[in-house]
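Colleague: Mind looking at a prediction? Sequence and model below.
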Amino acid sequence: MTPLFDEVVGQEAAIATLTQALVSPVHAYLLVGPSGSGKELAAEAFAAALVCPDRGCGTCRNCQLAAARRHPDIIETSRTGATVSVEDLRSLAALAQRRPLEAARQVLIVDDVHLATKSAPALLKTLEEPPPSTIFILLADDLPPELVTIASRCVEVAFPPLPMRTIASALAGGGCDPETARTIARASGGNLDRARLLAEDSAFSVRLSLWASAPQRIGSGGGEIAILAKDLIEVTEAALAPLKEKHAADLAARIAESEAMGERSLPGRKELTEKQARLERRYRSEELRAGLGALQRTYADLLAEAVSGGPERVAEARHAGASIDAITASIATFRHNPNELLALQSLLVTLAQNRI
Ligand SMILES: [Zn+2]
């Protein structure tokens, strides 16, 4: 197995498929898995191995260029708007016709293909036309029905969310104490990138306990609920600080690299900052989800306690159960709700009513 895949954690089946594919690659691969499942890292490693005459030796000129993210025949393309548009695919089709400059083939990595539902026919056409020297690696968080035809023209490789124990052991391997590693793994939603950031984030446990202690505060009336909701949204916002710092450092490093190469400006800067903004939005919603999960666990503990307390605590048990259901229902609505504060207030009011 090529050492290029070493950084991908816990996706042995996917890596075995990709390694096997290097022997006789086809024209398109579709890597499907949520954010933080390792599919981006795997795509980069696979692309690097595809441009190396030795399937990823790690030392030749092609491998060195790929490792420095400067290989002219590995091109990552991102959408320009909220979805992958026909216009985006037109640019991709033009790029696909290009002849490789350094290697025997060129590799086009296409982000966010799950957002190409409306432009799927154009994507299909783009996949069918290019010369045999072009290989596509499509990346998708999931596979909407509109993309089934696309998937049938590609080799599909699944990147399931990482199990909690894999994330916990990756964190522990990096020096995190085992108990913290387990707490973080539970709040990571199977996303190793997020888990690694949380492991460096000393404020994470404080945020989690603010969520977990919310049931104690919501009994004291509407005014307190408004303050609590505001506090919770504020800590969710503050949670983004380490990611924003990391993104600023990444951008600065890329600019310094490009200046050292004598370039006047960083190529692809706009796409990079847009991608960072998207990752920040996603991180924020994952943070909110982790908070709601902590809140839900508090009610699960209350429920267990009430159930073990016998018949006189039946009402209490019922309230805790109803609260758990209300939080589950709210998780789905948060995803589409532009006004988080209002949605959270309304959830907390429901939880307060459940207590009465
Ligand atoms: Zn090589």
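Modeller: Thanks, I have it. All figures in this text were calculated on a predicted structure; none of them were measured in a lab.
Colleague: only C-alpha atoms for contact and neighbour calcs from this point on.
Modeller: Will do.
Colleague: Could you report the distance from Val86 to the ion?
Modeller: In this view, Val86 and the ion are 35 Å apart by Cα to the ion, to the nearest Å.
Colleague: Quick check: pLDDT value at that residue.
Modeller: Per-residue pLDDT puts Val86 at 93.
Colleague: swap in Phe334?
Modeller: 78.
Colleague: For it, which three-state class applies?
Modeller: When classified by DSSP: H, G, I helix; E, B strand; the rest coil, Phe334 comes out as helix.
Colleague: try Val23
Modeller: What three-state DSSP gives for Val23 is coil.
Colleague: Not including adjacent chain positions, what is the nearest residue to it?
Modeller: In this structure, Val23 finds its nearest non-sequential neighbour in Arg55, 7.9 Å apart by Cα to Cα, 6 or more residues apart in numbering.
Colleague: isn't the one you found right next to Leu22, touching?
Modeller: Yes - Arg55 lies in contact with Leu22 (Cα atoms under 8 Å); the separation is 6.4 Å.
Colleague: Neighbour count for those two, which is higher?
Modeller: Arg55 (19 against 16; other Cα atoms under 10 Å).
Colleague: From Ile135, how far off is the more buried one?
Modeller: Applying Cα to Cα, to the nearest Å, the value for Arg55 to Ile135 is 14 Å.
Colleague: ditto for Ala151
Modeller: For Ala151, the distance to Ile135 - Cα to Cα - is 15 Å.
Colleague: quick one, which of these two is more surrounded?
Modeller: Neighbours per residue, other Cα under 10 Å: of Ala151 and Ile135, the larger number sits with Ile135, 23 against 20.
Colleague: in the sheet, who's paired with that one?
Modeller: Beta bridges link Ile135 to Val107, judged by DSSP bridges.
Colleague: unless I'm mixing things up, it is touching Gln106, no?
Modeller: Yes - counting by Cα under 8 Å, Gln106 is a contact partner of Ile135 at 6.3 Å.
Colleague: Show me where this structure has its strands.
Modeller: 28-32, 74-77, 106-110, 134-140, 155-158 (DSSP state E).
Colleague: returning to that earlier point: so for the residue nearest to Val23, what pLDDT did the model give?
Modeller: 93.
Colleague: backbone phi and psi for it, please?
Modeller: With angles defined as degrees, to the nearest 10, Arg55 sits at phi 60, psi 40.
Colleague: Can you give me the distance of it to Phe136?
Modeller: For Arg55, the distance to Phe136 - Cα to Cα - is 17 Å.
Colleague: sorry, back to before: distance to Ala304 added to the strands of the chain, as JSON lines?
Modeller: Below are the strands of the chain laid out as JSON lines (distance: least, Cα to Cα, whole Å):
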{"stretch": "strand 28-32", "distance to Ala304": "38"}
{"stretch": "strand 74-77", "distance to Ala304": "50"}
{"stretch": "strand 106-110", "distance to Ala304": "47"}
{"stretch": "strand 134-140", "distance to Ala304": "39"}
{"stretch": "strand 155-158", "distance to Ala304": "37"}
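Colleague: rank those strands by pLDDT, which is bottom?
Modeller: Among the strands of the chain, strand 74-77 carries the lowest mean pLDDT, a mean of 94.
Colleague: Quick one: low-confidence residue ranges for the chain.
Modeller: Along the chain, segments meeting pLDDT under 70 span 1-2, 220-222, 356.
Colleague: Can you pull the residues of it lying near the ion?
Modeller: Counting by Cα under 5 Å from the ion, the chain comes close to the ion at Cys52, Gly56, Cys57, Gly58, Cys60, Cys63.
Colleague: can I get these in TSV with neighbour count?
Modeller: Below are the residues of the chain next to the ion laid out as TSV (neighbours: other Cα atoms under 10 Å):
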residue	neighbour count
Cys52	22
Gly56	25
Cys57	17
Gly58	18
Cys60	13
Cys63	26
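Colleague: Mind checking which of those residues land in helices?
Modeller: Secondary structure from DSSP state H places Cys63 of these in helices.
Colleague: wait, which of the residues of the chain next to the ion is closest to Arg318?
Modeller: Gly56 (58.8 Å; Cα to Cα).
Colleague: residues in contact with that closest one?
Modeller: Going by Cα atoms under 8 Å, 6 or more residues apart in numbering, Gly56 touches Thr2, Pro3, Leu4, Ala48, Ala49, Leu50, Cys63.
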